[in-house]
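Q: Need the 3D shape of this:
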Amino acid sequence: MLPDFEISREKFSSCGIDLPKNLYDKFNIYADFLVEYNEKVNLTAITDPMEILCKHFIDSACLLKYVDISNNSSLIDVGTGAGFPSVPLKILRPDIRLTLLDSLNKRIDFLKQLCDKLEIDAEFIHGRAEDISKMLEYREKFDYSCARAVANISTLSELCIPFVKVGGSFISMKGPTEDVSRGTNAIEILGGSVANSIDYSLFDEQRRIFVIRKISQTPIKYPRNSAQIKKKSL
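A: Purely as a prediction, here's the structure:
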């Protein structure tokens, strides 16, 4: 159970995001199911209601505050885990056409049940990003790819940029110490260009968002296989 509606709405509002009561109810369902399912499948180390609200839901929602996501656009969340950041985005923006990708089937099973409870539509893919992005039905088919992950920006770019069509964007949600310049070579090789780097505060913590614009097609040899990616970044 999240903090009550007025407290939750105030927290969202302090980050510039409106939270109507019907969407609060959906986030409450999400929080309850996350904690319940987490007892049998490791989805998150964060189980305190206020921390779920702030560090998962509002942090994810901040993407909509700082990045202009076009109406009715397609978005793939790469390595989505428990659905962050994209399921909160879908709750707030039902027009987004959402695809959830994760390498662990147990997490995909959770997401299917979650989306059913939330009555939201999504496509679910079980697989590794470096394999799925080679498939014609997913390669360069999305307006946006996103990731909220601990991998460095070079690795994330190799995994996420191939999903994005020319003219679209890869959005990376990172901590404050990540330097996009470390991934500049990879981004250029993969057909991208850094469009924006946004620093913001999430209550008492600092966050950073990178927006990488897709300006040309990704060479067919990328992404490399997982062993090559782990051995050496681009």
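Q: would you list every one of the helices in this protein?
A: 5-14, 21-38, 49-51, 59-66, 86-92, 105-118, 129-132, 153-160, 184-189, 226-231 (DSSP state H).
Q: So which of these is nearest residue 75?
A: Of all the helices of the chain, helix 86-92 sits nearest to residue 75, with 6.3 Å by CB to CB. Backbone N, C-alpha and C define where each C-beta goes, glycine included.
Q: With residue 207 as the reference, name the closest of the helices of the chain.
A: Among the helices of the chain, the nearest to residue 207 by CB to CB is helix 59-66 (6.9 Å).
Q: relative orientation of the closest one and helix 21-38 in degrees?
A: In terms of direction (axes from the mean of the first three to the mean of the last three CA atoms, to 10 degrees), helix 59-66 departs from helix 21-38 by 140 degrees.
Q: Remind me what helix 59-66 packs against, helices and strands.
A: helix 86-92, strand 164-174, strand 192-202, strand 205-214 (3 or more CB pairs under 8 Å, 6 or more residues apart in numbering; DSSP states H and E).
Q: 7 Å instead?
A: Helix 59-66 is packed against helix 86-92, strand 192-202, strand 205-214, with contacts defined by 3 or more CB pairs under 7 Å, 6 or more residues apart in numbering; DSSP states H and E.
Q: related to what we said a few turns ago, mean neighbour count and distance to residue 139 added to the helices of the chain, as JSON lines?
A: As requested, the helices of the chain are exported to JSON lines (neighbours: other CB atoms under 10 Å; distance: least, CB to CB, whole Å):
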{"stretch": "helix 5-14", "mean neighbour count": "15", "distance to residue 139": "36"}
{"stretch": "helix 21-38", "mean neighbour count": "17", "distance to residue 139": "31"}
{"stretch": "helix 49-51", "mean neighbour count": "14", "distance to residue 139": "37"}
{"stretch": "helix 59-66", "mean neighbour count": "20", "distance to residue 139": "23"}
{"stretch": "helix 86-92", "mean neighbour count": "24", "distance to residue 139": "19"}
{"stretch": "helix 105-118", "mean neighbour count": "16", "distance to residue 139": "20"}
{"stretch": "helix 129-132", "mean neighbour count": "20", "distance to residue 139": "9"}
{"stretch": "helix 153-160", "mean neighbour count": "26", "distance to residue 139": "12"}
{"stretch": "helix 184-189", "mean neighbour count": "18", "distance to residue 139": "16"}
{"stretch": "helix 226-231", "mean neighbour count": "12", "distance to residue 139": "17"}
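Q: Can you show me the CA trace of stretch 126-145 as PDB?
A: Extracted C-alpha coordinates of stretch 126-145, given in PDB (Å, rounded to 0.1, in the frame of the first residue of the first chain):
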ATOM      1  CA  HIS A 126      11.600 -12.800 -23.400                       C
ATOM      2  CA  GLY A 127      15.100 -12.600 -24.700                       C
ATOM      3  CA  ARG A 128      18.500 -10.800 -24.700                       C
ATOM      4  CA  ALA A 129      18.600  -7.400 -26.300                       C
ATOM      5  CA  GLU A 130      21.600  -8.300 -28.500                       C
ATOM      6  CA  ASP A 131      19.600 -11.200 -30.000                       C
ATOM      7  CA  ILE A 132      16.200  -9.600 -30.300                       C
ATOM      8  CA  SER A 133      17.500  -6.400 -32.000                       C
ATOM      9  CA  LYS A 134      18.800  -8.600 -34.800                       C
ATOM     10  CA  MET A 135      15.300  -9.700 -35.700                       C
ATOM     11  CA  LEU A 136      13.700  -7.800 -38.600                       C
ATOM     12  CA  GLU A 137      10.400  -7.300 -36.700                       C
ATOM     13  CA  TYR A 138      12.200  -5.300 -34.000                       C
ATOM     14  CA  ARG A 139      15.300  -3.800 -35.600                       C
ATOM     15  CA  GLU A 140      14.900   0.000 -36.100                       C
ATOM     16  CA  LYS A 141      11.100  -0.300 -35.500                       C
ATOM     17  CA  PHE A 142      10.600   1.900 -32.500                       C
ATOM     18  CA  ASP A 143      10.300   5.700 -32.000                       C
ATOM     19  CA  TYR A 144      12.100   5.300 -28.600                       C
ATOM     20  CA  SER A 145      14.100   2.800 -26.600                       C
END
